[in-house]
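coordinates only, sequence not included:
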């Protein structure tokens with residue numbers, strides 16, 4: 001499963017999620033994760049991150065029977081073979097929605113309370129202070145740091161730290177952040193502003209107004 005596109009399907013509440021695959025020849029493979037592992041992904045899968053040849057898949061409710069994986073599933077990104085799955089270790093989470101990974105000791109998970117850091121080796125789950133009410137939007141990894149959004153702020157999170165390292169304020173609500181083509185960041189602000197942020201010194205390099213469409217929250 002190396003030459004194509006993955007589609008993560010949350011499914012219905014109370015039922016398992018699915019990971020579909022569309023090959024470069026336009027073949028749709030319905031649920032190769034189940035075909036490989038004979039077990040479904042967790043209830044209401046939400047987000048997927050690829051790091052060091054592995055998939056990290058988060059679901060809101062995890063497992064409710066022995067036919068489903070837990071809240072966090074780690075699998076080989078080429079073969080889809082399960083490596084490990086976690087449920088009870090992450091029971092403190094409240095409906096997690098987003099995940100990014102720096103390394104196996106620094107897996108960042110966003111839920112209804114904020115952002116947590118999970119250590120795959122020690123199984124420790126640590127809350128990151130200063131991330132309360134973080135937006136229900138994808139986080140991104142650039143220049144060895146994690147970037148998340150909360151209200152009018154862009155939050156900078158780092159490995160082995162349980163507090164926000166730096167906050168970049170904007171005049172309006174920050175709705176989304178993604179990696180730019182040049183190794184920096186694109187940040188959508190308010191309904192019609194796109195800012196370019198330097199990933200090293202965190203300065204705002206440029207800001208553009210758009211006149212067609214919107215980058216407001218949930219549409220960014």
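That came through fine. Computed from a predicted model, the values in this text were never measured in an experiment. Numbers count the residues shown, from 1 in each chain.

what about the residue positioned nearest the centre of the chain, distance to residue 167?
By CA atoms, centre = their mean, the chain has its centre lying nearest to residue 99, at 2.9 Å. Separation of residue 99 from residue 167 (CB to CB, to the nearest Å) stands at 21 Å. C-beta here means a position set from N, CA and C on the backbone, and glycine is covered the same way.

So residue 192 sits against residue 207, correct?
No. Counting by CB atoms under 8 Å, residue 192 does not reach residue 207; the two are 10.8 Å apart.

what about these two, which has more around it?
residue 192 (16 against 13; other CB atoms under 10 Å).

can you count the residues close to the closest residue to the more buried one other than its chain neighbours?
Once flanking residues are discounted, residue 192 sits nearest to residue 210: 5.1 Å by CB to CB, 6 or more residues apart in numbering. The number of residues packed near residue 210 is 12, by other CB under 10 Å.

Do a quick rundown of the helices in this protein.
32-37 (DSSP state H).

Check the contact between the residue nearest to residue 192 and residue 194; I expect there is one.
Yes. Using CB under 8 Å, residue 210 makes contact with residue 194 at a distance of 6.4 Å.

Spit out the residues that contact the two alike.
Taking CB atoms under 8 Å, 6 or more residues apart in numbering as the contact rule, residue 210 and residue 194 touch no residue in common.

how close does the closest residue to residue 100 other than its chain neighbours get to residue 101?
Spatially, and ignoring its direct neighbours in sequence, residue 100 is nearest to residue 139 (4.6 Å; CB to CB, 6+ apart). Distance of residue 139 to residue 101, given as CB to CB: 10 Å.

can you list residues touching both of the two?
residue 108.

tell me the contacts of residue 93?
Residue 93 neighbours (CB under 8 Å, 6+ apart): 71, 109, 111, 116, 125.

So for it, what's the pLDDT?
At residue 93, the pLDDT value in this model is 97.

Quick check on it: phi, psi?
phi -70, psi 140 (degrees, to the nearest 10).
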